[in-house]
Structures are given as structure tokens and as C-alpha cells.
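heads up, no residue letters with this:
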């Protein structure tokens, strides 16, 4: 149940019902009184950037708690409780799942009600909303049922990171320390929820991972198994990117759009294929930029660092810049400062 309401028995979210008198907080002769009025007027004058008069919004804090619970379920003993045994793992998993189910159902319900509230405002229909509990419960059960399959996929990413980085000592180091794996793991979860049609929550998840790791993966991207972003920082993968199996990216790689399509009124056209397709076993080195929805990197290709690719590349090709000409000159300033013997 998402919330309780003494008059209706059930509601889609919790509301406090409290009313506040600003005179109890800021006295009329306070120097803050005028500032209060100016800020409130700014909220009324411009509807952007506030959520006043609306009820439903997911919690960023609880979304992060959901991610932490999922990390414990995917990697038991690495995150959260340690010293687990064959005797305790079943109970431990059950406790985690129950907590996850409760939090996820609540946040999915808030997201669904958020979308319904926006639609009601857009169509100017009555503000009363149908409760979203049943749909949230169904989606939660579907997602939880997919956890074993998601974990299998995540483990292919763990192995890909170990196989692709000679600096990795073992899988433990990859799981505990590699930012690329964290970004990919959160993406795997967010992508499942994104495909269910849930708004906001998937993007909150991947943007949290972006802040933690420096890797920006949109939850709408389609990424195959055994995926690895080495070093992670600065990598960008756009919403309509398609990536095959056993693909490796390095830091600073951008898989982006060439331009943003707009309609006759200048509004952004959404839902089109704007980002490239990367086929199986492609390697893209640091700071390469690959743009365009029609751009396809053929299977087994290697894209060199700092290249700029806006057209398709045949399979098993190598793309590289011409080597720059290096000039090595004596540092006359340093030479002048050397003491004479």
C-alpha cells in the first residue's frame, strides 16, 4: 500500500495535511519578510523549477537506497553485510528482497501517479487520480522476477572488466573498485525499469551513477553482454545507442547525436534514432567521438583515440588519425638558469 487516508481508506501517496502560517515563522517586521514575499511571487510568476500544488514525485534518497539493496543482492558479501555463510545467505537474501520490494513498489507507484498527474493537467481533466497501487505491485513483481537474469548479465560485465584490464588483480578488485562496473550495473537495473515504461526513476538511477563514476549511460540505451568501460570517466552513451556483445570503451568516449532534430515550431523531436550502433567486439579508444543515428561501427572494428566518426565503418576495420608531427626543442629558459661551473 502506498499510503493511507482516513477519509478514503487508500490514496496514491502520503500527504501530511498540515497547514502553516508564515507569520509563525517570519514576523512581519523581520528583514526576511519581504524576501519571503518576493520568492513566493517568483514561484507564482514562473511555473518552472517548483513542484507546488502537485502531490506525486519519487524520492531520490530512497531510489539510492534501492540501488544499494540491489548491489547487495547482486554481489552478496561485497556490499552491506559481510561474513555471510551458506547457513545465513538464504535469510539475508529474504530480508533484502522484502526491503527492496517495499521501497521499489512505493517509488514505482509514485512515478506512475506522477505521470498520471501530468496527463490530468495536460488534458485539463478532473484532478482526482486512480490509485496506482495495482500497477506498481505488478511491475515490482515483474522486476523482482528478473533479478536472477539481470545478475547473470552483470557477471558477464565483471568478467569482461577483468579480461580487458591487465591491471586488475582479480574479480574482487573489479567488483569493489571499478567505476565502469558500477555505472554498467546501475544501467542494467535502470534499463529494465525504463523498458517497463516507468518515468523518472531510471534516469535518477543512472544520473546517480554518473555522479559517482563520471560515466553517463542513458537508461534507454541497448547494451549487450560482456560490456566494459575502462577508467569510465567522461564516457557518454546516448539514449538510442545500440551496443552489441563484448564491446570495450575507454574513458572520454562519446556515442552521441549529430544534431537535434526539431519540428516546424522549433521543438525537439523525440523518439528518433539519434545515436550510433556499435556491433559486436568493437573497441573504442579514449576520447573518440562517434555521432549519428545512421552511423554503424562494423563488428570487430577498432576506433582509435581522439577520432571523430560520423559515418559507418566496415567490419574488422581500424580507424586512426595520422600520427602528429612532434617537435622536441631545448628549453632555453631552463638552460639559462643552470649555474655555471
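That came through, no problem. Every value quoted in this text rests on a predicted model; they were computed, and no experiment measured them.

Can you list the buried residues in the strand or helix carrying residue 63?
Under DSSP states H and E, the secondary-structure element containing residue 63 is helix 60-74. Taking 16 or more other C-beta atoms under 10 Å as the neighbour-count basis, helix 60-74 is seen to contain the buried residues 63, 65-67, 69-74. Where you see a C-beta, it was placed from the backbone N, CA and C, and this is true even at glycine.

What does residue 229 show for phi and psi?
With angles defined as degrees, to the nearest 10, residue 229 sits at phi -110, psi 110.

Would you confirm that it contacts residue 249?
Yes - between residue 229 and residue 249 a contact is recorded at 4.8 Å, counting by C-beta atoms under 8 Å.

Would you map the helices across the stretch 201-341 of the chain?
Ranges of helices within the stretch 201-341 of the chain are 201-213, 332-337, based on DSSP state H, counting those that start in this stretch.

Around residue 86, how many other residues sit close by?
Other residues within reach of residue 86, judged by other C-beta atoms under 10 Å, total 6.

hmm, back to that, just name the most buried of the helices of the stretch 201-341 of the chain.
Ranked by mean neighbour count under mean count of other C-beta atoms under 10 Å, these are led by helix 201-213, which reaches a mean of 20.

elements contacting that helix?
The elements that helix 201-213 packs onto, with contact taken as 3 or more C-beta pairs under 8 Å, 6 or more residues apart in numbering; DSSP states H and E, are helix 60-74, helix 89-122, helix 179-195, strand 216-217.

Isn't residue 161 up against residue 168?
Yes - in terms of C-beta under 8 Å, residue 161 counts as a neighbour of residue 168; the distance is 6.6 Å.

what's the distance between the most centrally placed residue in the chain and residue 36?
In the chain, the C-alpha closest to the average C-alpha coordinate belongs to residue 206, at a distance of 0.9 Å (C-alpha atoms, centre = their mean). To residue 36, residue 206 is 37 Å away according to C-beta to C-beta, to the nearest Å.

Confirm that residue 138 sits in a helix.
Yes - per DSSP: H, G, I helix; E, B strand; the rest coil, residue 138 lies within a helix segment.

How many residues are close by it?
Residue 138 has 13 nearby residues by other C-beta under 10 Å.

Output the lowest mean pLDDT helix or strand found in this protein.
Across the helices and strands of the chain, mean confidence by mean pLDDT, DSSP states H and E is lowest for helix 332-337: a mean of 69.

picking that back up, would a markdown table of the helices and strands packed on helix 201-213 with distance to residue 143 and mean pLDDT be doable?
Shown next, in a markdown table, are these (distance: least, C-beta to C-beta, whole Å; pLDDT from 0 to 100):
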| stretch | distance to residue 143 | mean pLDDT |
| --- | --- | --- |
| helix 60-74 | 10 | 98 |
| helix 89-122 | 7 | 93 |
| helix 179-195 | 6 | 98 |
| strand 216-217 | 19 | 98 |
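
Now the spatially closest residue to residue 184 that is not a sequence neighbour. Its backbone dihedrals?
For residue 184, the nearest residue in space outside its immediate sequence neighbours is residue 157; the separation is 4.9 Å by C-beta to C-beta, 6 or more residues apart in numbering. Summarising the backbone geometry of residue 157 under the convention degrees, to the nearest 10, its torsions are phi -70, psi -40.

Cheers, nothing more for now.
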